[in-house]
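K.L.:
Sequence unavailable; structure follows:
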């Protein structure tokens with residue numbers, strides 16, 4: 001399988017969510033490694049987090065397609 005097929009981008013922006021809702025997705029700097037390392041248990045190979053005042057994005061490498069239920073599990 002080509003590696004680009006594994007790349008998934010999950011983006012939450014102020015255009016689709018209220019800023020107060022985006023704040024719930026923010027991860028404190030001292031919690032990042034623990035919170036994101038849990039994703040390995042869910043089959044995520046690699047992850048990159050981008051978090052600004054008006055967006056939160058997860059770029060992940062995952063072998064499978066991700067359903068809405070699986071997505072909710074990954075980001076919760």
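P.N.:
Nice, I can see it. All values reported here derive from a predicted model rather than from experimental measurement.
K.L.:
Please, which helix or strand holds the residue nearest the centre of the chain?
P.N.:
Geometric centre of the chain, nearest residue: residue 58, 3.2 Å, by Cα atoms, centre = their mean. Element membership of residue 58, judged by DSSP states H and E, is strand 55-62.
K.L.:
Paired strands for that strand, with orientation please.
P.N.:
strand 7-13 (antiparallel), strand 44-51 (antiparallel) (DSSP bridges).
K.L.:
roughly how far out does that strand sit from the chain middle?
P.N.:
4 Å (Cα atoms, centre = their mean, to the nearest Å).
K.L.:
and for it, what are the contacting residues?
P.N.:
3, 6-14, 22, 25-26, 39, 43-51, 74-75 (Cβ atoms under 8 Å, 6 or more residues apart in numbering). (C-beta placed from N, C-alpha, C; glycine too.)
K.L.:
List the residues that contact residue 9.
P.N.:
57, 58, 59.
K.L.:
okay if I get these as CSV plus distance to residue 68?
P.N.:
Listed next are those as CSV, based on distance: Cβ to Cβ, whole Å:
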residue, distance to residue 68
57, 17
58, 15
59, 18
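K.L.:
could you redo those residues as TSV and give each row distance to residue 31 and pLDDT?
P.N.:
Shown next, in TSV, are the contacts of residue 9 (distance: Cβ to Cβ, whole Å; pLDDT from 0 to 100):
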residue	distance to residue 31	pLDDT
57	17	92
58	15	87
59	19	88
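K.L.:
quick check, nearest of those residues to residue 69?
P.N.:
residue 58 (16.2 Å; Cβ to Cβ).
K.L.:
Quick check: bridge partners of the closest one?
P.N.:
Going by DSSP bridges, residue 58 is paired in beta bridges with residue 10, residue 49.
K.L.:
now it: how far from residue 7?
P.N.:
11 Å (Cβ to Cβ, to the nearest Å).
K.L.:
again with residue 33
P.N.:
Residue 33 is 21 Å from residue 7, by Cβ to Cβ.
K.L.:
neighbours of the residue nearest to residue 48 when sequence neighbours are not counted, just the number please.
P.N.:
Leaving aside its sequence neighbours, residue 48 sits nearest to residue 59 (Cβ to Cβ, 6 or more residues apart in numbering; 4.4 Å). For residue 59, the neighbour count with other Cβ atoms under 10 Å is 14.
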